[in-house]
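Trainee: I would like to see how this sequence folds:
(one chain, ligands or ions: 1)
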Amino acid sequence: MRLLVVEDEPDLLAGLARALRKQGYAVDTAADGAEGLHAALGIDYDVVVLDVMLPRMGGWEVLARLRQAKATPVLMLTARDRSADRVRGLDAGADDYLVKPFDLSELFARLRALIRRGSGQAHSVVNLGDVQIDTAARRVTRAGVEVSLTAREFVLLEYLALHRGEVVTRTALYEHLYDESDATLSNILDVHVSNLRKKLGQDVIATRRGHGYAIE
Ligand code: CA
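Mentor: Just a heads-up that it's a prediction; the model follows:
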């Protein structure tokens, strides 16, 4: 899953990006509203985390302009705990809302819910034969036994599972699972797919030659 975080406070922005990458997300960052809007229009992010008070273009305006073009899920961040802001945010097309300061665990939970909703998945648990993926707990079991996955392996599996029945192209995987900070060598999809097959069974992920990968 690829996220965009738009936040002008450098320490908070860096901290959020680091924490989210540790969760396995690909994270792009923008330090003002204009830069954020430009990025959000250019790439189909799975979620945009958008601060309200931003230089160059405020969060509300970024949201309004983004909504004219696409339905990317947006989680607004604000320092003000005012119900008027909350109503305004949801009216303006924000999908969720978090008041600063917030716990990272709360942000992670909201993001997981938005990503799930964005893919039309109502439940946090996905069953694939004897493999069970709990996207809320970020836990995978095979025949009831927990399987240890790296953060990257988990997000790859989760992305394919949330798009179950579709062929997901390599281009889409690169766009959604990797960000601008990723080094080329860590990006080898085939290695992650091969590791997932070793851990979960050869048939869990199908290769569609020339097209991409699919979970049936
Ligand atoms: Ca701010």
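
Trainee: can you get me a residue count around residue 195?
Mentor: 15 (other C-beta atoms under 10 Å). All C-beta spots, glycine's among them, are computed from the backbone N, C-alpha and C.

Trainee: for residue 188, that is, sorry about that
Mentor: 10.

Trainee: ditto for residue 152
Mentor: Using other C-beta under 10 Å, residue 152 is surrounded by 20 other residues.

Trainee: contacts only, for the residue of the chain found nearest the ion.
Mentor: Among all residues of the chain, residue 53 sits closest to the ion, at 3.9 Å; criterion: C-beta to the ion. For residue 53, the contacting residues are 8, 59, 78-79, by C-beta atoms under 8 Å, 6 or more residues apart in numbering.

Trainee: outline the domain layout of the protein.
Mentor: 2-118, 125-214 (automatic domain parsing).

Trainee: paired strands for the helix or strand hosting residue 3, with orientation please.
Mentor: Secondary structure from DSSP states H and E places residue 3 in strand 2-6. Strand pairing for strand 2-6, determined by DSSP bridges: strand 26-30 (parallel), strand 47-51 (parallel).

Trainee: tell me if the last one is near the ion.
Mentor: Read it as strand 47-51. Yes - contact between strand 47-51 and the ion, assessed by C-beta under 5 Å from the ion, occurs at residue 51.

Trainee: what's the mean pLDDT across that strand?
Mentor: Strand 47-51 shows a mean pLDDT of 97.

Trainee: helix or strand right after that strand?
Mentor: helix 59-69.

Trainee: buried sites along stretch 48-66?
Mentor: Applying a neighbour-count criterion of 16 or more other C-beta atoms under 10 Å, one finds 48-54, 57-60, 62-63, 66 buried in stretch 48-66.

Trainee: quick revisit: tell me the most buried of the domains of the chain?
Mentor: Mean neighbour counts were compared across these using mean count of other C-beta atoms under 10 Å; the top stretch is domain 2-118, at a mean of 18.

Trainee: A helix includes residue 199, no?
Mentor: Yes - assigned with DSSP: H, G, I helix; E, B strand; the rest coil, residue 199 falls within a helix.

Trainee: hang on, it packs against residue 147?
Mentor: Yes - the pair residue 199 / residue 147 is scored as a contact, 5.1 Å apart, by C-beta atoms under 8 Å.

Trainee: can you name the residues bridging to residue 47?
Mentor: Per DSSP bridges, the residues bridged to residue 47 are residue 3.

Trainee: picking that back up, in the buried residues of stretch 48-66, find the pair that's most separated.
Mentor: 53 and 66 (17.0 Å; C-beta to C-beta).

Trainee: pull the distance from the helix or strand where residue 196 lies to the chain's centre.
Mentor: In the assignment (DSSP H and E), residue 196 maps to helix 189-200. The chain centroid and the centroid of helix 189-200 are separated by 21 Å under C-alpha atoms, centre = their mean, to the nearest Å.

Trainee: now tell me which helix or strand of the chain has the poorest mean pLDDT.
Mentor: Lowest by mean pLDDT, DSSP states H and E among the helices and strands of the chain is helix 83-91, with a mean of 67.

Trainee: just checking, what packs against the lengthiest helix in the chain?
Mentor: In the chain, with assignment by DSSP state H, the single longest helix is helix 104-118. Under the contact definition 3 or more C-beta pairs under 8 Å, 6 or more residues apart in numbering; DSSP states H and E, helix 104-118 sits against helix 10-22, strand 47-51, strand 74-78, strand 96-99.
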